[in-house]
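*Asks:* coordinates only, sequence not included:
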Ligand SMILES: [Zn+2]
């Protein structure tokens, strides 16, 4: 919870939105999907305390915020470790619904292109239509800052018909660049007998690789 909050409070635009009190004019207390504005309000109190220039202590315990959060999501109420990404997704979604400018969500048909591979022009049109449809139901500072669309293409393996849709997203999973991380940790060296050693520069520990080892083989090694 701590790491996710640290990231979010340093999202300057969002913090500015709360500190300038614009959020008050957009509070949606009647949204059945929201938390009656309570989550947004307690997030504001948290930010106001953190960014209060008079606050001198080195750390701030988000006790009140956690209490309000726990009312709506009991699994985040305790002191146990939580999944940061899961917590952030819950918090952003809660803030979004608490601040949704749409009071009555209209029914919106999902746009889709079916047939052969669509042209750039058709794709752009579909993207624009899909986004318009999404914002007819979802329109908040979270949508402005954190949401986008990704294109999803499905090709039928039997008749090769192509179906394209655009789906909204709020977070994306990206792989960690593991290869780059290890490529600079190792140095290849030969000992007195001519054996090749891979030396971890951080640990200073050598690994014997044998005569024919190449640097390429060393790289994916994990120490
Ligand atoms: Zn088919």
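*Replies:* Alright, I've got the coordinates. Everything quoted here is computed from the prediction, not taken from an experiment.
*Asks:* average pLDDT across stretch 48-64?
*Replies:* For stretch 48-64, mean pLDDT rounds to 85.
*Asks:* Going forward, the N-terminal residue is numbered 499.
*Replies:* Renumbered: residue one is now 499, and that last one reads stretch 546-562.
*Asks:* Now do that stretch: distance to the chain's middle.
*Replies:* 25 Å (C-alpha atoms, centre = their mean, to the nearest Å).
*Asks:* ok, and what's touching the helix or strand residue 545 falls within?
*Replies:* Residue 545 belongs to helix 536-548 when assigned by DSSP states H and E. With C-beta atoms under 8 Å, 6 or more residues apart in numbering as the contact definition, helix 536-548 has outside contacts at 503, 507, 513, 516-517, 519, 521, 525, 553, 558, 560, 562-563, 566-567, 569-570, 589, 592-593, 596-597. Any C-beta I mention is one placed from the backbone N, CA and C, and that applies to glycine too.
*Asks:* buried subset of those residues?
*Replies:* 503, 507, 513, 516, 521, 525, 560, 563, 566-567, 589, 592-593, 596-597 (16 or more other C-beta atoms under 10 Å).
*Asks:* What are the buried residues along the longest helix along the chain?
*Replies:* Ranked by number of residues, the top helix in the chain under DSSP state H is helix 618-635. Across helix 618-635, burial judged by 16+ other C-beta under 10 Å covers 621, 624, 628-629, 631-633.
*Asks:* ok, residue 600 - contacts?
*Replies:* 634-637.
*Asks:* Relative to residue 668, which of these is nearest.
*Replies:* When the contacts of residue 600 are ranked by distance to residue 668 (C-beta to C-beta), residue 636 comes first, at 10.1 Å.
*Asks:* Tell me, how many residues neighbour the closest one?
*Replies:* 19 (other C-beta atoms under 10 Å).
*Asks:* Please verify my assumption that it contacts residue 598.
*Replies:* Yes - with contact defined as C-beta atoms under 8 Å, residue 636 and residue 598 form a contacting pair (6.5 Å).
*Asks:* How is this structure divided into domains?
*Replies:* 500-596, 611-667, 676-716 (automatic domain parsing).
*Asks:* mind putting the ones you listed in a markdown table, distance to the ion included?
*Replies:* Shown next, in a markdown table, are these (distance: least, C-beta to the ion, whole Å):
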| stretch | distance to the ion |
| --- | --- |
| domain 500-596 | 34 |
| domain 611-667 | 3 |
| domain 676-716 | 38 |
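*Asks:* Rebuild these as CSV, extending it with distance to residue 602.
*Replies:* Below are the domains of the chain laid out as CSV (distance: least, C-beta to C-beta, whole Å):
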stretch, distance to residue 602
domain 500-596, 10
domain 611-667, 10
domain 676-716, 48
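*Asks:* With respect to these, which exhibits the lowest mean confidence?
*Replies:* Among the domains of the chain, domain 676-716 carries the lowest mean pLDDT (a mean of 52).
*Asks:* center of this structure - which residue?
*Replies:* Of all residues in the chain, the one closest to the mean position by C-alpha atoms, centre = their mean is residue 669, 3.6 Å from it.
*Asks:* Please name the residues that touch that residue.
*Replies:* 583, 586-587, 590, 644.
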